[in-house]
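A.B. asks: Next one to model:
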Amino acid sequence: MNLKTIGYAMGVTILAAACNQHKTQVTESGLKYQIFEHEDDARKAKLGDIMTFHFVLKNGTDSTLRDTYKEGAPQKMVLQAPQYKGSFEEGLALLATGDSAKISINADTMFAKIGQPMPPMIKKGSDLNFTVKVVSVLTSEEFQKQLSEAGSKQKAIDAKVIEDYLAKNNLKAKAQKTASGLTYVDDVVGTGESPKAGDNVKVHYTGKLLDGKVFDSSKNGGRPPIDFQVGVGMVIPGWEEGIMLMKKGGKRTLIIPSGLAYGAEGSPGAIPANSVLLFDVELIDFGKAPAQQPGPPTR
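C.D. replies: As a prediction, this is how the structure comes out:
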């Protein structure tokens, strides 16, 4: 066999391997998937590991329903045992760090298993197609360490961002800062006591990015103030702390570092990752939360 023949044979072998790699495969449970990129020695996830991955989700007519690339932050998920045969988790468990693949999930089965009605943009009998790119696979311990290190670094970045914002807007003399890194500027101090953890509060608010862009407001469309129990984890930590330092009738601007807001995840479509946020808040009223009614006697 001459060199030309050998080269041709090698080319055919490589082409066949590439075609096989991109071929749609089906697991015993019926899950369909295509592998686009894969390294045999890359780290594969075990149950309980935290997988970080980007994905583009499309319906059966190829319309994009979600795109984490455009959202600016990848998805993080603890790999759990598949909830049902042919689930997304089953497909994810096939992948390793750096892998990219397309995972197709039967829409009828998925919505039946999660007990939710089929949305109008998804046709009965169609597949949901996830194109996934795995960024990292970490154990719980590794993930917590990474989170802690990133949080410390981001805290310093946020502090500098807040200092620059205060200087630019001539707010340094008015601003007060707490040990957590929360900064606030009072317009009206209010009177009386401050709410305590467990109290019900009524608050009007407007949330903005540092550039002034409003992403949410309780005042839009004549909405009433929001009513919630403070100090029990119902809202972001910056709100919890900032509101429990207010008095009835008080109005203030909370300047909340990302670690006390939406962190590295942000809020898809509204708040970018690691954003320092501004909230203009007004404490309308507060009081003790109503006592829970006793339930029926148990045996």
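A.B. asks: Now for the residue nearest to residue 80 when sequence neighbours are not counted: which residues touch it?
C.D. replies: With sequence-adjacent residues excluded and distances taken as C-beta to C-beta, 6 or more residues apart in numbering, residue 80 is closest to residue 89, at 5.9 Å. Where you see a C-beta, it was placed from the backbone N, CA and C, and this is true even at glycine. By C-beta atoms under 8 Å, 6 or more residues apart in numbering, the contact set of residue 89 is 79-83.
A.B. asks: Let's have these in TSV, adding pLDDT and secondary structure.
C.D. replies: TSV is the format used below for those (pLDDT from 0 to 100; DSSP: H, G, I helix; E, B strand; the rest coil):
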residue	pLDDT	secondary structure
79	94	coil
80	92	coil
81	90	coil
82	88	coil
83	84	coil
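A.B. asks: Most neighbours among these, which one is it?
C.D. replies: When neighbours are taken as other C-beta atoms under 10 Å, the top entry among those is residue 79 (18 neighbours).
A.B. asks: and the gap between that one and residue 50?
C.D. replies: 8 Å (C-beta to C-beta, to the nearest Å).
A.B. asks: Contacts only, for the residue nearest to the spatial centre of the chain.
C.D. replies: Nearest residue to the geometric centre of the chain (C-alpha atoms, centre = their mean): residue 265, 4.3 Å. Residues in contact with residue 265 (C-beta under 8 Å, 6+ apart) are 73, 76, 273.
A.B. asks: Now that we're looking at the second one, what pLDDT does it have?
C.D. replies: This means residue 76. Residue 76 carries a pLDDT value of 90.
A.B. asks: and it, what does it touch?
C.D. replies: Residues in contact with residue 76, defined by C-beta under 8 Å, 6+ apart, are 50-52, 265.
A.B. asks: hmm, which of those residues are the buried ones?
C.D. replies: Among the contacts of residue 76, those scoring as buried are 50-52 (criterion: 16 or more other C-beta atoms under 10 Å).
A.B. asks: possible to save those residues as CSV with distance to residue 172, secondary structure and pLDDT?
C.D. replies: As requested, the buried ones among the contacts of residue 76 are exported to CSV (distance: C-beta to C-beta, whole Å; DSSP: H, G, I helix; E, B strand; the rest coil; pLDDT from 0 to 100):
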residue, distance to residue 172, secondary structure, pLDDT
50, 40, strand, 94
51, 43, strand, 96
52, 38, strand, 95
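A.B. asks: quick one on the thing from earlier: name the helix or strand for the residue nearest to the centre of the chain, please.
C.D. replies: Using DSSP states H and E, residue 265 maps to neither a helix nor a strand.
A.B. asks: pLDDT value on the residue nearest to residue 86 when sequence neighbours are not counted, please?
C.D. replies: Computed as C-beta to C-beta, 6+ apart, the closest residue to residue 86 that is not its neighbour in sequence is residue 31, at 4.4 Å. With respect to pLDDT, residue 31 scores 90.
A.B. asks: Check the gap between residue 31 and residue 257 for me.
C.D. replies: Remark: distance between residue 31 and residue 257 (C-beta to C-beta) = 42 Å.
A.B. asks: Poorly predicted segments of the stretch 1-150 of the chain, please.
C.D. replies: Filtered on pLDDT under 70, the stretch 1-150 of the chain yields the residue ranges 1-22.
A.B. asks: need the strands for it, in chain order.
C.D. replies: Taking DSSP state E, counting those that start in this stretch to define them, one finds strands in the stretch 1-150 of the chain at 25-26, 32-37, 50-58, 64-67, 75-78, 100-106, 127-138.
A.B. asks: Among those strands, which comes closest to residue 194?
C.D. replies: strand 75-78 (35.4 Å; C-beta to C-beta).
A.B. asks: For stretch 235-246, give the mean pLDDT please.
C.D. replies: Regarding stretch 235-246, the rounded mean pLDDT is 96.
A.B. asks: Am I right that residue 185 falls within a strand?
C.D. replies: Yes - under DSSP: H, G, I helix; E, B strand; the rest coil, residue 185 falls within a strand.
A.B. asks: which residues does it bridge with?
C.D. replies: residue 253 (DSSP bridges).
A.B. asks: Using JSON lines, lay out the contacts of residue 89 together with distance to residue 126.
C.D. replies: As requested, the contacts of residue 89 are exported to JSON lines (distance: C-beta to C-beta, whole Å):
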{"residue": "79", "distance to residue 126": "26"}
{"residue": "80", "distance to residue 126": "25"}
{"residue": "81", "distance to residue 126": "26"}
{"residue": "82", "distance to residue 126": "21"}
{"residue": "83", "distance to residue 126": "20"}
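A.B. asks: Spatially, which two of these are the most separated?
C.D. replies: It's 79 and 83 that sit farthest apart of the contacts of residue 89, by C-beta to C-beta, at 12.2 Å.
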